[in-house]
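> Okay, sequence plus prediction incoming.
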Amino acid sequence: MTDVPQMQHVKGNCLLYVHGRDFKPSATSLMDFNVAALAAAIARDRPEALDRFHTLDKVLCYYGDYNNEFLLATGRHYDEALDMGDRRNALLKLKSLVKTKHFGVTRYDRLPGKTAVAEFAADVAAPLLGSIGLSKALIAKVAPDLAEYWKADGEFAAKLRARVRQPIIEALDREERLLLVAHGTGSIVTYDVLWQLSHDPEYAGRYAERKIDTFLTMGSPLGDSMVRRRLLGAKCKGRMRFPINIMTWYNISAEDDYLCHDNTLADDFKVMLKQRQVSSIRDHRIYNLSVRYGKSNPHSSVGYLMHPRTAQIVADWFNGEPPPPDPVSIL
């Protein structure tokens with residue numbers, strides 16, 4: 001049994017967080033860290049909302065133990081203490097940035113290493129950006145746990161979806177207003193679960209009409225054509241193709257984040273708007289200023305959680321305020 005934090009059974013607002021790929025620390029450590037990062041961002045930009053943030057029901061949809069077990073079996077190594085220490089160092093560095101204007105291109109350009117895109121592309125000798133998108137070779141090289149998720153037998157995928165689905169179902173059963181936050185490849189698992197709740201006969205009868213108030217994806221590869229072909233419902237027609245249980249969808253993509261090289265989702269999922277399956281899909285581009293192990297990491301979850309755009313979306317959501325306007329550009 002994993003140490004997934006217990007949920008508070010209180011009707012109201014609920015923030016659910018789905019992590020991404022690769023090794024993960026324990027559920028308790030990861031949840032505590034993510035809450036600390038979001039709290040620090042809200043304290044910086046929206047201090048009047050901090051007390052209310054602390055009263056939110058917060059739930060981690062955790063499958064890190066399955067990821068860790070699979071990756072260790074492939075011969076990879078994981079040092080949890082070092083990982084948590086480096087996460088804390090990244091958080092402390094970001095907490096030193098006390099103004100929104102600090103999260104711009106000037107500081108980003110000064111980060112050590114700046115981007116790992118060239119390294120990943122060179123490793124697999126395949127194009128990374130543009131119309132080709134994420135290749136199968138790249139996925140197998142840098143995201144073997146995602147490649148395992150897409151295997152034909154589906155056992156790994158089924159276990160991950162179950163871990164994400166259960167907390168969502170429990171929150172829906174409590175009739176809570178939900179903010180569902182998914183980082184990286186966790187957005188793939190989450191999207192598949194939302195499709196299941198919308199159309200799978202096992203769940204749709206009870207949950208298809210129950211809405212996720214706000215879906216927030218960060219560093220999501222859902223815009224990639226190869227990824228979209230592998231989503232649940234991708235071969236279906238009409239309303240069956242997409243989830244029908246999302247009210248508002250925000251997507252945040254960081255400059256140079258290789259996993260979200262196609263950094264807009266509104267164009268890829270515009271049929272959902274046309275078919276009135278979602279109220280709005282808004283894309284936001286940012287600079288992720290996180291440094292992990294001495295090098296710029298534009299995909300880092302702490303950099304996304306600490307960014308002013310994330311703080312604004314989260315604070316506006318639990319305060320019931322109108323959504324932030326689409327910026328002309330922040331790049």
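Sure thing, it's come through. Numbering: from 1, shown residues only.

> my guess is residue 234 meets residue 225, correct?
No. Contact criterion Cβ atoms under 8 Å: residue 234 and residue 225 do not qualify, at 10.6 Å. In this view, the C-beta of every residue, glycine as well, is placed from N, C-alpha and C.

> what number of residues lie near the closest residue to residue 36 other than its chain neighbours?
For residue 36, ignoring the flanking residues on the chain, the nearest one in space by Cβ to Cβ, 6 or more residues apart in numbering is residue 91 at 6.8 Å. Close neighbours of residue 91, defined as other Cβ atoms under 10 Å, add up to 19.

> contacting residues for residue 91?
By Cβ atoms under 8 Å, 6 or more residues apart in numbering, residue 91 lies in contact with 33, 36-37, 40, 302, 306.

> next one: phi and psi at it?
phi -60, psi -40 (degrees, to the nearest 10).

> Relative to residue 113, how far out is it?
In this structure, residue 91 and residue 113 are 18 Å apart, going by Cβ to Cβ, to the nearest Å.

> again with residue 257
Here residue 257 is placed at a distance of 14 Å from residue 113 (Cβ to Cβ).

> Ok, residue 286 next?
Residue 286 is 18 Å from residue 113, by Cβ to Cβ.

> Kindly report the same for residue 293.
For residue 293 relative to residue 113 (Cβ to Cβ), the value is 9 Å.

> Point out where the stretch 51-200 of the chain drops to low pLDDT.
Within the stretch 51-200 of the chain, the stretches with pLDDT under 70 are 115-140.

> cool, the stretch 201-331 of the chain as well?
The model of the stretch 201-331 of the chain has pLDDT under 70 over residues 321-331.

> and if we set it to 90?
Counting by pLDDT under 90, the ranges of the stretch 201-331 of the chain that qualify are 226, 258-259, 261-263, 319-331.

> Okay, strands next: where are they in it?
212-218, 246-254, 280-286, 291-292, 295-296 (DSSP state E, counting those that start in this stretch).

> that older thread, just among the contacts of residue 91, which is most surrounded?
residue 302 (28 neighbours).

> Cross-check the contact I'm expecting between that one and residue 290.
Yes. Residue 302 is in contact with residue 290 according to Cβ under 8 Å; the separation is 5.2 Å.

> Please enumerate the shared neighbours of those two.
With Cβ under 8 Å, 6+ apart, residue 302 and residue 290 have common neighbours 90, 94.

> which ones are touching the residue nearest to the spatial centre of the chain?
For the chain, the residue nearest the mean C-alpha position is residue 183 (1.6 Å; Cα atoms, centre = their mean). Shown in contact with residue 183 (Cβ under 8 Å, 6+ apart): 17-20, 217-219, 301, 304.

> Who does it form a beta bridge with?
Note on residue 183: beta-bridge partners residue 218, judged by DSSP bridges.

> how much space between it and residue 110?
In terms of Cβ to Cβ, residue 183 sits 25 Å off from residue 110.

> Equivalent analysis for residue 310, please.
In this view, residue 310 and residue 110 are 22 Å apart by Cβ to Cβ.

> So which of the two has more stuff around it?
Legend: neighbour count by other Cβ under 10 Å for residue 310 and residue 110, higher for residue 310 (24 against 10).

> which residues touch the more buried one?
38, 41, 216, 218, 252, 304 are the contacts of residue 310 under Cβ under 8 Å, 6+ apart.

> which among those gets closest to residue 246?
residue 216 (10.7 Å; Cβ to Cβ).

> my guess is the closest one meets residue 187, correct?
No. Contact criterion Cβ under 8 Å: residue 216 and residue 187 do not qualify, at 9.3 Å.

> of all the contacts of residue 183, which comes closest to residue 196?
residue 18 (14.2 Å).

> Got the confidence number for that closest one?
Looking at residue 18, its pLDDT stands at 98.

> mind checking the backbone torsions on it?
phi -120, psi 120.

> Quickly note the distance from it to residue 164.
Computed with Cβ to Cβ, the distance linking residue 18 and residue 164 is 6 Å.

> Residues that sit against both of the two, list them.
61, 186, 189-190.

> can you tell me which of those are in helices?
Residues of these located in helices (DSSP state H): 186, 189-190.

> which parts of the helix or strand where residue 169 lies are buried?
Here residue 169 sits within helix 155-173, counting by DSSP states H and E. Using 16 or more other Cβ atoms under 10 Å as the test for burial, helix 155-173 gives 156-157, 160-161, 163-165, 167-169, 171-172.

> could you dump those to a markdown table with distance to residue 83?
Listed next are the buried residues of helix 155-173 as a markdown table, based on distance: Cβ to Cβ, whole Å:
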| residue | distance to residue 83 |
| --- | --- |
| 156 | 22 |
| 157 | 25 |
| 160 | 20 |
| 161 | 25 |
| 163 | 20 |
| 164 | 22 |
| 165 | 27 |
| 167 | 23 |
| 168 | 27 |
| 169 | 30 |
| 171 | 28 |
| 172 | 32 |
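
> Which of these sits closest to residue 194?
residue 168 (8.0 Å).
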